[in-house]
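# I need the structure of the sequence given here:
(one chain, ligands or ions: 1)
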Amino acid sequence: MIVTSCGNSLPIAKAIAKALKAKFSPLTISSFPDGDLYMKYNTDVKKHTVIIVHSLQPNPDTSLFDITCAAYTAKDLGAKKVILVAPYLSYMRQDKRFNPGECISSRIMAKMLNPCIDHLITIDPHLHRYKSLRDIFTMKTSCLTANSLIAQYIKKHFNHPVIIGPDWESYQWAEEIAKEVGTQVTVLEKTRFSSRHVTSKMIHPVLLKDREVIIIDDILSTGHTICEGAKNAYAAGAHRVGAVVVHGLFVEDAIHKLKKAHVNDMISTNTIEHPTNRIDVTPLLVEELKRLRI
Ligand code: R5P
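Okay, here's the model as predicted:
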């Protein structure tokens with residue numbers, strides 16, 4: 001068994017290799033002078049199972065092409081099986097044509113990976129209009145969740161906070177985590193005007209006066225959704241607001257906006273490497289790989 005990566009998720013890749021007593025051999029990746037990709041395996045993968053560990057963020061487009069090349073090359077070189085461990089799977093939010101003429105990129109991403117990957121393992125993919133990974137992927141899939149790890153973290157570090165899902169899409173995570181923490185939960189109604197403009201309002205008010213609030217979302221991208229959530233919570237009397245997200249993309253000046261909105265504790269899992277990472281998802285991935293007896 002050989003564990004490799006195209007450059008993202010290196011700490012998780014190394015930890016998986018160690019836990020599975022497998023060889024860790026990262027790919028050599030560079031560019032030709034004209035920008036074309038150069039890629040090379042540095043170990044013999046013939047008759048081995050190759051596990052590519054690589055989050056599709058940062059650089060989602062490059063990541064998708066790198067993973068596709070790495071998977072096809074492993075097969076060309078005689079690998080027995082190619083497993084993709086993608087702690088974060090990009091493109092899942094574009095799950096319908098929102099405006100005429102748009103590309104449904106989640107479907108294209110799946111079409112690129114379906115022929116060259118035997119098994120995909122991912123964590124909390126953005127399943128909203130798709131009910132399961134089966135809706136777009138034909139290979140075997142394992143859809144894991146960090147909910148329990150997040151609930152344990154909240155129990156250990158916060159004092160019985162109220163949980164808020166900042167929109168209906170996030171409510172599936174907020175509700176599960178609140179149940180495991182044993183605390184109150186509510187959801188906000190979000191209106192999205194563009195990628196960088198959202199508003200939200202509380203439709204099922206709960207008593208937030210002087211309470212600590214934790215906003216839970218699967219993805220934080222520009223931070224606007226969490227900032228709107230914080231605004232609502234403070235307006236309802238909360239004395240402190242924090243946020244926990246599975247996938248922290250933190251694009252543009254997200255961190256600055258969150259500070260300005262007084263989001264005091266900003267926590268993410270390490271599905272995407274970021275200074276806010278406090279929750280390690282490696283045990284989930286190792287457990288699944290062991291369960292699959294790859
Ligand atoms: C969308 O439905 C997701 O669950 C997140 O709420 C969204 O991606 C967050 O984006 P942003 O941080 O840019 O508001």
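# C-alpha only now, for contacts and for neighbours.
OK.
# ok, and what's touching stretch 175-191?
For stretch 175-191, the external contacting residues (Cα atoms under 8 Å, 6 or more residues apart in numbering) are 147-148, 150-152, 154-155, 160-168, 171, 174, 198-206, 229.
# just those residues that are near the ligand?
Among these, no residue is within reach of the ligand (Cα under 6 Å from any ligand atom).
# For ChimeraX, write the select line for the buried members of those residues.
To isolate the buried subset of the contacts of stretch 175-191 in ChimeraX, counting by 16 or more other Cα atoms under 10 Å, use the following:
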select :147,150,151,154,160,161,162,163,164,165,166,167,171,174,199,200,201,202,229
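# Helix or strand for Thr186, just tell me which one.
strand 185-194 (DSSP states H and E).
# Could you do Lys290 as well?
Applying DSSP H and E, one finds Lys290 within helix 282-291.
# Which ones among the contacts of stretch 175-191 lie within helices?
Under the assignment DSSP state H, the contacts of stretch 175-191 contribute 147-148, 150-152, 154-155, 168, 171, 174, 229 to helices.
# Out of these, which comes closest to the ligand?
Trp168 (7.9 Å; Cα to the nearest ligand atom).
# What number of residues are in the vicinity of Val50?
When counting by other Cα atoms under 10 Å, one arrives at 24 neighbours for Val50.
# and it, helix, strand or coil?
Following DSSP: H, G, I helix; E, B strand; the rest coil, the label given to Val50 is strand.
# Hmm, it is touching Gly78, no?
No: if you go by Cα atoms under 8 Å, Val50 and Gly78 don't touch, sitting 10.2 Å apart.
# of all the residues in the chain, which ones are close to the ligand?
Along the chain, the residues adjacent to the ligand under the rule Cα under 6 Å from any ligand atom are 169-170, 217-225.
# Most widely separated two among those residues?
Using Cα to Cα, the two most remote members of those are Glu169 and Thr222, lying 16.4 Å apart.
# ok, the two, which is more surrounded?
The residue with more neighbours, out of Glu169 and Thr222, is Thr222; 21 against 18, by other Cα under 10 Å.
# give the contact list for the more buried one.
Applying Cα under 8 Å, 6+ apart to Thr222 gives the contacts 196, 249-254.
# Can I get the buried part of those residues as one ChimeraX selection?
Applied in ChimeraX, the following selects the buried portion of the contacts of Thr222 according to 16+ other Cα under 10 Å:
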select :249,250,254
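# wait, which of the contacts of Thr222 is closest to Pro125?
Looking across the contacts of Thr222 and measuring by Cα to Cα, the closest to Pro125 is Leu249, at 13.8 Å.
# thinking again about what came up before, and the average pLDDT for the strand holding Thr186 is what?
Confidence for strand 185-194, expressed as mean pLDDT, is 93.
# returning to that earlier point: filter the residues of the chain next to the ligand down to just the ones in helices.
Mapping the residues of the chain next to the ligand onto helices (DSSP H) picks out 169-170, 224-225.
# which one of these has the most neighbours?
Within these, Thr225 tops the neighbour count with 23 neighbours, counted by other Cα under 10 Å.
# so what's it up against?
Thr225 is in contact with 166, 198-199, counting by Cα under 8 Å, 6+ apart.
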